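*Asks:* let's see this in three dimensions:
(4 chains)
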2 protein chains.
Amino acid sequence: MCDDLVIIPKATLGRLPLYLRVLNGLHHLNIQFVSSEEMAMKLGITSSQLRKDLSYFGGQGIRGTGYDVAYLLGKIKAILGVSQNWQMAIVGLGKLGTALARYPGLQQHGINVAALFDIDEAKIGWKVGELSICHLSELTEKKKELGLEIAALTVPAQAAQEVTDLIVEAGIQGIWNFAPVRLETPENVIVQYEDLVVGVLTLSHLLSRRLGKMR
Amino acid sequence: MCDDLVIIPKATLGRLPLYLRVLNGLHHLNIQFVSSEEMAMKLGITSSQLRKDLSYFGGQGIRGTGYDVAYLLGKIKAILGVSQNWQMAIVGLGKLGTALARYPGLQQHGINVAALFDIDEAKIGWKVGELSICHLSELTEKKKELGLEIAALTVPAQAAQEVTDLIVEAGIQGIWNFAPVRLETPENVIVQYEDLVVGVLTLSHLLSRRLGKMR
DNA sequence: TAGATTGTTAATCGATTAACAATC
DNA sequence: TAGATTGTTAATCGATTAACAATC
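*Replies:* Residues are numbered from 1 along each chain as shown, chains lettered A, B, ... in the order given. Okay, here's the model as predicted:
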């Protein structure tokens, strides 16, 4: 409960999910030890950086041998909160919300899609996988019932702030926001922005450099 | 064709899409000038950072007045390659691929979804919006026909490398990869990784700190 | 002119990397 | 012991910020 409170640089934190993935892969192959060099190669980073990152939370490598895959995996899972189970609501069951509801990566990382909400009367009661879509007005009630702690926000941009207010009111403290707008929230609420356009615009920038402006 | 070749720091580049969004908003409201202070507030950054960022490509602000919204918009669009039109293929028409095909943000930023591919025979010929799903074997042909330059890769992780090889072979140089694996590609191919799990794990980390490990 | 706001400097902060002593 | 690989240091690099002269 304590060593988790060491301050880990943001840049390092951003890489931990990638480390987690590689370690998971190695673990499934029943590999016990991995050197920083090997792992860094798979990740396309330097081994120096990897060792430095791991040093922030006591990677516990063995000189001459490498790191214990299972141990490191557990450590990183703990830091990322993956070892806990989080109950997540999806708010807005358009194409994106539906895709998210079925995304297997979530369950694999301890995120349990536990409830679905929309305001479109036509959608209420429909099933996505095992779950029925509820009306957004039931959010507070379901929050208490299911212990919802994360809400994925997949509504149109115009509705995002209004829906956010309801999510906050229901007492949910983590919002995973897919709407391309900045949300106003109280300090105690954490918003993670997920903006697909940023990725593709970065790509288009790099391409336009590479290919030249005239084509 | 030249001033685009100024070197813009990566960190700055990553913020340009956000600037673009805010400027678009202002432009739609018919606002002509905006100060760095105002804009920075909307973005949740410092005005210093914004001015510094804009200075890399000659923001051309007017002292005492601010920046010309329309001018700045055009400038940033040019840098991001948004002012061109890109033809994009979506490879893998699962839930995520389908959601992407219908995502309005793409068209709005100069990315035109021009072709859909899958290998599942059952899906071939189905329509998503205006477009029919083609078999992946037609990729090279369609690439030439439509001038495809970007491929969004939304296939399962196990298939990702194999499909990537086909994309590269077809001569497509930009890959927007949603599969949670590192892709091996020749140097002339640009891969942009889009990993949803990173976002939600960051959130779960922050939450587990906030809420404490025991609940 | 007076007020406002830019563009830029210089200081600070944070992240990356190479290198190597420590040690399994 | 010899070989391998870590953990950490110190140098370097890049990003952010405050401050203010320049100027509209």
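
*Asks:* mind listing residues that contact the lengthiest strand in chain A?
*Replies:* Here the longest strand in chain A is taken by residue count, with DSSP state E as the criterion, and it is strand A:111-118. Strand A:111-118 is contacted from outside by A:85-93, A:97, A:100-101, A:106-107, A:124, A:128, A:131-136, A:138-139, A:142, A:146, A:148, A:150, B:200, B:204, using CB atoms under 8 Å, 6 or more residues apart in numbering or on different chains. From N, CA and C alone the C-beta is placed, and that goes for glycine too.

*Asks:* do that again at 7 Å, thanks
*Replies:* With CB atoms under 7 Å, 6 or more residues apart in numbering or on different chains as the test, strand A:111-118 has contacts from A:85-93, A:101, A:106, A:124, A:128, A:131, A:133-134, A:136, A:139, A:142, A:146, A:148, B:200, B:204.

*Asks:* next step: those restricted to strands.
*Replies:* A:Trp86, A:Gln87, A:Met88, A:Ala89, A:Ile90, A:Val91, A:Val128, A:Leu131, A:Ile133, A:Cys134.

*Asks:* and the longest strand of chain A, average pLDDT?
*Replies:* Confidence over strand A:111-118 (mean pLDDT, whole number) is 98.

*Asks:* one more: stretch A:15-34?
*Replies:* The average pLDDT for stretch A:15-34 rounds to 96.

*Asks:* quick one: it near chain B?
*Replies:* Yes. Counting by CB under 7 Å from any CB of the partner chain, chain B is contacted by stretch A:15-34 at A:Pro17, A:Arg21.

*Asks:* could you list the buried residues of the helix ranked longest in chain A?
*Replies:* Of all segments of type helix in chain A, defined using DSSP state H, the longest is helix A:10-28. The neighbour-count check on helix A:10-28 (16 or more other CB atoms under 10 Å in any protein chain shown) flags A:12-13, A:15-24, A:26 as buried.

*Asks:* then stretch A:26-39?
*Replies:* Under the neighbour-count criterion of 16+ other CB under 10 Å, stretch A:26-39 has A:Leu26, A:Phe33, A:Val34, A:Ser35, A:Ser36, A:Glu38, A:Met39 buried.

*Asks:* what's the farthest-apart pair in the buried residues of helix A:10-28?
*Replies:* Using CB to CB, the buried residues of helix A:10-28 span at most 21.0 Å, a distance reached by A:Leu13 and A:Leu26.

*Asks:* so A:Leu100 makes contact with A:Leu153?
*Replies:* No. Counting by CB atoms under 7 Å, A:Leu100 sits too far from A:Leu153 to count as a contact (10.4 Å).

*Asks:* those two - which one has more neighbours?
*Replies:* Comparing A:Leu100 with A:Leu153 by other CB atoms under 10 Å in any protein chain shown, the one with more neighbours is A:Leu100, at 28 against 24.

*Asks:* partners of A:Val191 in the sheet?
*Replies:* A:Val191 has these beta-bridge partners by DSSP bridges: A:Ile175.

*Asks:* what's the burial count for A:Val189?
*Replies:* 18.

*Asks:* quick one, domains of chain A?
*Replies:* Listed domain ranges for chain A are A:3-80, A:86-198 (source: automatic domain parsing).

*Asks:* tell me which of the ones you listed sits nearest to DNA strand D.
*Replies:* With CB to the nearest atom of the strand, the closest approach to DNA strand D among the domains of chain A belongs to domain A:3-80: 2.9 Å.

*Asks:* picking that back up, got the buried residues for the longest strand of chain A?
*Replies:* Residues of strand A:111-118 classed as buried by neighbour count (16+ other CB under 10 Å): A:Ile111, A:Val113, A:Ala114, A:Ala115, A:Leu116, A:Phe117, A:Asp118.

*Asks:* ok, the second one to A:Phe33 distance?
*Replies:* Per CB to CB, to the nearest Å, A:Val113 is found 35 Å from A:Phe33.

*Asks:* how about the residues of chain A near DNA strand C?
*Replies:* Residues of chain A lying near DNA strand C by CB under 7 Å from any atom of the strand: A:9-12, A:45-46, A:48-49, A:51-52, A:62-65.

*Asks:* could you report the neighbour count for the nearest residue to A:Trp126 once chain neighbours are set aside?
*Replies:* Excluding the flanking residues, the one nearest A:Trp126 by CB to CB, 6 or more residues apart in numbering or on different chains is A:Ile133, at 5.0 Å. For A:Ile133, the count of nearby residues is 22 (other CB under 10 Å).

*Asks:* then the one 3 residues further on?
*Replies:* Applying other CB under 10 Å, we find 21 residues neighbouring A:Leu136.
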